[in-house]
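> Below: sequence and its predicted model.
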Amino acid sequence: MKEIRPLSDNHIVLTLASNRISVREYSSEPIRIEDVFYAINAARNAPSGANRQPWRFVIVTKQSLKNEIRKLCEEAERELRDRIPDWFKKWLKDKGISWRKEYLSKAPVLVLVFGRTRDPYWLQSVWLAIGYMLLALEERGLASLTYTPPKIRWANRLLNVPDEYVLQTIVVVGKPAKEIKREKERLNLHDIVFCENWGNPCTNTMNNP
């Protein structure tokens, strides 16, 4: 079970972001649906182009529907593996990531996130909302994964979603089947932040908080 770790009063968001990891093995243990609504409530407060709020969320808990989603995604994944470059195939193999997506049927909750394509900056807006959602799930002690299928239009047919919306990701939500740790450290601030010009360091005193 993923424990809710204490948050520093001064660095709440940074603590949540630092603690969160992508989980691919889930327990079938039920979770409180109220926690999922809490995370979506946080997501709907994200900024959006012209305040159009182009995001829509479909929560799936029914086992037969999760099984169908997994089936459709795995079919697309198998086709994808025939087209990707060799370096990517090796990376997936080294990470132990196959075309099988057990978590889509094992995790208690899937949240399919759609974006309305007619709105300005819809893509950026939807992914901002997803980021808010992931941090809120972490706050509630829930594991998560953003999985974007190689093919997405099946979701409109399966869930009766209007054509103006397109699936952006499936947020897998639940409790991890085993304890896992973050794979590696993040890049240092000195490596990714420049001041005034690309490559120009900001200050020698800028440290990772």
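Structure's in. What do you need? Numbers count the residues shown, from 1 in each chain.
> Confidence-wise, which helix or strand of this structure is lowest on average?
helix 86-95 (a mean of 83; mean pLDDT, DSSP states H and E).
> After that helix, heading C-terminal, what element do we hit next?
Using DSSP states H and E, the helix or strand that directly follows helix 86-95 along the chain is helix 103-106.
> Tell me the helix or strand right after that next one.
Downstream of helix 103-106, the first helix or strand assigned by DSSP H and E is strand 109-116.
> Mind listing residues that contact that next one?
By Cβ atoms under 8 Å, 6 or more residues apart in numbering, the residues outside strand 109-116 that reach it are 31, 33, 36, 40, 52, 54-61, 66, 69, 104, 122-123, 125-126, 129-130, 133, 155, 159, 161, 164-174. Just so you know, the C-beta spots here come from the backbone N, C-alpha and C atoms, and that holds for glycine as well.
> could you redo the last one with a cut-off of 7 Å?
The contact list for strand 109-116 (Cβ atoms under 7 Å, 6 or more residues apart in numbering) reads 31, 36, 54-61, 66, 69, 104, 122-123, 126, 130, 155, 159, 161, 164-174.
> Of those, just the buried ones, PyMOL syntax please.
Those of the contacts of strand 109-116 that count as buried under 16 or more other Cβ atoms under 10 Å are selected in PyMOL with:
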select buried, resi 31+36+54+55+57+58+60+61+66+69+104+122+126+130+155+161+165+166+167+168+169+170+171+172+173+174
